[in-house]
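**Student:** got a structure for you, letters missing:
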């Protein structure tokens, strides 16, 4: 026809309801590569990936669900790219994959436009050999759950949150790589109102890097150098309870201001030794502090303080209700593999000292399996402080308006004063160990000569410093000569 225009155009027909797509590397599915399925899918679709190894770098730019059929043990994603999986959409799920290769980031969800992504779920993945296992920057209402992050290099991070709010990081296992590493790193002051719950974090330099206004509960934090990097001014308003902090060398690498709560804010119903109680609960600290439980309710009788490097404390950080057993025990969960202090040994076991000398004693704690426990703190006492006294916490070293020092030292110095025997006791957790100090007497051997060869009448004053013949202790004395006969002369 006159004026007719010939050409073609493409028409995209979108399904009226979400579609499930299948991927199988060996054929038999809708696609043989995951990225092809991601490109073809529509918002809200689900992509199910069959068993196999997929050498792909993935970009997810729409809200959808990417899951494996048979879990991470059977479905491997391998990539050498810096970002293995990049998510730039709301309401996206990535679940059930083994993610490895030499790239730096396992899963990254980051908004570069100044906005915020929300509603994403990253769950049940095994991520290894990455500088950062899972990174979320500018997120809200995120769920990071059931992942295992392992074998990270030095200066790596298991799970990283920045400028992220109202999100949950739960039931993940982070197995660290040593120096400079972080288990869960909350990096920005605007990362707030999050929940860290049920995570196992072990082998890191810093288990946490905390920010403010979050709830940290029911985590197992074990065998790390520091529990948290801390922060002198920016770590406040956190609620930290029902955690098991075990075999960590130190609590904080920096000072910590007041304003964090180290126990539940409402009474909690729990079980202990077969009985049910309702009360406030704090955290389990392993061998880090000495505690007592005279009433047998599973809660320490007095609070324990939060020093940095077992020494410095910013006022207000006190666990007022420390737990006697791992937190898992109070909620019917297994705690068989969590160390519990069982034995305290003090060395040297026995020493003999002259008066006015000093001796150092060292405490060591072993768990129920005979393994050495780290980060142990002790309260040291001497049974007879006249014989000699000990240094060691808890003791207030000095005070000011904001800071005072409390020390639960692993060693103590005994100062021998007077003759006798005293017992040196070191208490860590509920357990005590003892050693003996024997202080020798000092014999006064000064000889006075009576020119009249009399043997009677000599006296020694200041008897208060003399316990029993023939021993004389340090002090000032005067010697009285005998009364001579009228015809005696010297």
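**Tutor:** Thanks, I have the structure now. It should be emphasised that the depicted structure is a prediction, and the values quoted were computed from it without experimental measurement.
**Student:** can you tell me which residues contact residue 84?
**Tutor:** 57-58, 77, 99, 101, 103, 105-107, 130 (Cβ atoms under 8 Å, 6 or more residues apart in numbering). Using the backbone N, CA and C atoms, a C-beta is placed for each residue, glycine as well.
**Student:** let's go with 6 Å and repeat that
**Tutor:** 99, 103, 106 (Cβ atoms under 6 Å, 6 or more residues apart in numbering).
**Student:** among those, who's most crowded?
**Tutor:** For the contacts of residue 84, the largest number of neighbours (other Cβ atoms under 10 Å) sits with residue 106, at 32 neighbours.
**Student:** Pass me the low-pLDDT residue ranges in the stretch 301-450 of the chain, would you?
**Tutor:** 307-316, 392-407, 441-450 (pLDDT under 70).
**Student:** Likewise for the stretch 1-150 of the chain?
**Tutor:** In the stretch 1-150 of the chain (pLDDT under 70), the answer is 1-14, 16.
**Student:** hey, where'd the helices end up in it?
**Tutor:** 34-40 (DSSP state H, counting those that start in this stretch).
**Student:** In strands, which of the contacts of residue 84 fall?
**Tutor:** Residues of the contacts of residue 84 located in strands (DSSP state E): 99, 106.
**Student:** now, among the contacts of residue 84, which is nearest to residue 354?
**Tutor:** residue 106 (63.9 Å; Cβ to Cβ).
**Student:** which residues touch the closest one?
**Tutor:** Residue 106 neighbours (Cβ under 6 Å, 6+ apart): 84, 99, 127, 130, 133.
**Student:** list the contacts for residue 297?
**Tutor:** residue 277.
**Student:** Low-confidence stretches in the stretch 151-300 of the chain?
**Tutor:** Ranges of the stretch 151-300 of the chain meeting pLDDT under 70: 189, 230-234, 254-258.
**Student:** returning to what we had before: and the contacts of residue 84 as CSV, adding distance to residue 141?
**Tutor:** Below are the contacts of residue 84 laid out as CSV (distance: Cβ to Cβ, whole Å):
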residue, distance to residue 141
99, 23
103, 27
106, 21
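**Student:** Nearest to residue 325 among the contacts of residue 84?
**Tutor:** Using Cβ to Cβ, the contacts of residue 84 come closest to residue 325 at residue 106, 35.0 Å.
**Student:** Can you report how many residues lie near the closest residue to that closest one other than its chain neighbours?
**Tutor:** Excluding the flanking residues, the one nearest residue 106 by Cβ to Cβ, 6 or more residues apart in numbering is residue 127, at 3.9 Å. Burial measure for residue 127: 30 neighbouring residues, criterion other Cβ under 10 Å.
**Student:** surely residue 127 meets residue 98?
**Tutor:** No - when contacts are counted by Cβ atoms under 6 Å, residue 127 is not listed as touching residue 98 (8.0 Å).
**Student:** before we move on, back to that, of all the contacts of residue 106, which two lie farthest apart?
**Tutor:** Longest span within the contacts of residue 106, Cβ to Cβ: 84 and 133, 10.2 Å.
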